[in-house]
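build the 3D model from these lines:
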Amino acid sequence: MAKGKDARVTVILECTSCVQNGVNGNKVATGISRYITQKNRHNTPNQLELRKFCPYCYKHTIHGEIKK
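The predicted structure is shown next:
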């Protein structure tokens, strides 16, 4: 099977509140929370958004899919 035809693709999820507030707006640590996961391209054609824990915001926030 060709590599480009696979249903499962690797995506990167990034904290949306860290991006909106800017990296320097956080309390103690500086950075942007990112998670790596997989999704099924056929079942989820839209961008993926999940609630994950952000260690920089110290709370659960929406993490959205970004381009590689």
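
could you give the bridge partners of the spatially most central residue of the chain?
Centroid-nearest residue in the chain: Leu13, 1.0 Å away (criterion: Cα atoms, centre = their mean). Counting by DSSP bridges, Leu13 is bridged to Tyr35, Glu65.

next, the contact list for it, please.
34-37, 48, 50, 52, 63-66 (Cβ atoms under 8 Å, 6 or more residues apart in numbering). No exception for glycine: its C-beta is placed from N, CA and C like everyone else's.

at 7 Å instead, please
Leu13 sits next to 34-35, 37, 48, 50, 52, 63-65 when contact means Cβ atoms under 7 Å, 6 or more residues apart in numbering.

what of His42?
Listed by Cβ under 7 Å, 6+ apart, the contact partners of His42 are Ala7.

again with Phe53
Phe53 is in contact with His60, counting by Cβ under 7 Å, 6+ apart.

make 31 the first number, not 1, from now on.
New numbering, starting at 31: the last item is Phe83.

can you pull out the low-pLDDT segments for this protein?
31-34, 52-60 (pLDDT under 70).

redo that, cut-off 90
Low-confidence segments of the chain, defined by pLDDT under 90: 31-37, 47-63, 86-87, 97-98.

return the distance of Arg38 relative to Asn70.
Distance from Arg38 to Asn70, counting by Cβ to Cβ, to the nearest Å: 6 Å.

can you redo the contacts of Leu43 as a markdown table with neighbour count and distance to Ser47?
Shown next, in a markdown table, are the contacts of Leu43 (neighbours: other Cβ atoms under 10 Å; distance: Cβ to Cβ, whole Å):
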| residue | neighbour count | distance to Ser47 |
| --- | --- | --- |
| Arg64 | 14 | 13 |
| Tyr65 | 14 | 14 |
| Thr67 | 13 | 19 |
| Leu78 | 14 | 17 |
| Leu80 | 14 | 14 |
| Lys82 | 16 | 11 |
| His93 | 24 | 9 |
| Gly94 | 16 | 10 |
| Glu95 | 16 | 15 |
